[in-house]
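>>> Just to be clear, the model below is a prediction. Sequence and coordinates:
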Amino acid sequence: MSTPTFGSSAPPSRVASVAAGDRVLHSSFGLGTVVSVSGTGDNAKADVDFGSTGLKRLALRYAPMEKL
């Protein structure tokens with residue numbers, strides 16, 4: 001068991017799956033709407049419209065976002 005060190009924080013939330021139309025909250029881009037999803041498992045990617053920030057393609061495996 002490891003001990004937390006100064007400046008460490010919990011890893012950001014990861015989304016297991018999303019579908020077109022789902023609302024998500026990304027730690028950097030903010031609130032967005034899923035436009036489309038492609039791939040499965042570790043290769044799943046989602047195109048998310050973040051409004052003024054624009055459309056982003058995110059790998060669900062790494063994206064620090066949560067499904068609302």
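Cool, got the structure.

>>> Run through this structure and note the low-pLDDT ranges.
By pLDDT under 70, the weakly predicted segments of the chain are 1-14.

>>> Does V18 touch G39 like I think?
No. Using C-beta atoms under 8 Å, V18 is not in contact with G39; the gap is 11.8 Å. Backbone N, C-alpha and C define where each C-beta goes, glycine included.

>>> neighbour-wise, which of the two wins?
Per other C-beta atoms under 10 Å, whichever of V18 and G39 has more neighbours is V18, with 19 against 12.

>>> What residues does the more buried one make contact with?
For V18, the contact set (C-beta atoms under 8 Å, 6 or more residues apart in numbering) comprises 24, 34, 37, 46, 60, 67.

>>> hmm, try it at 10 Å
24, 34, 37, 44, 46, 48, 58, 60, 63, 65, 67 (C-beta atoms under 10 Å, 6 or more residues apart in numbering).

>>> what's the spacing between it and D47?
Distance of V18 to D47, computed by C-beta to C-beta, to the nearest Å: 10 Å.

>>> can you list residues touching both of those two?
Common neighbours of V18 and D47 (criterion: C-beta under 10 Å, 6+ apart): 34, 37, 58.

>>> okay if I get those as JSON lines plus distance to S28, neighbour count and secondary structure?
Below are the shared contacts of V18 and D47 laid out as JSON lines (distance: C-beta to C-beta, whole Å; neighbours: other C-beta atoms under 10 Å; DSSP: H, G, I helix; E, B strand; the rest coil):
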{"residue": "V34", "distance to S28": "16", "neighbour count": "20", "secondary structure": "strand"}
{"residue": "V37", "distance to S28": "20", "neighbour count": "17", "secondary structure": "strand"}
{"residue": "L58", "distance to S28": "11", "neighbour count": "22", "secondary structure": "strand"}
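
>>> Tabulate these in CSV, adding columns for distance to S52.
As requested, the shared contacts of V18 and D47 are exported to CSV (distance: C-beta to C-beta, whole Å):
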residue, distance to S52
V34, 17
V37, 22
L58, 17
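
>>> I'd say G51 and R23 touch.
No. G51 is beyond contact range of R23, at 11.6 Å (criterion: C-beta atoms under 10 Å).
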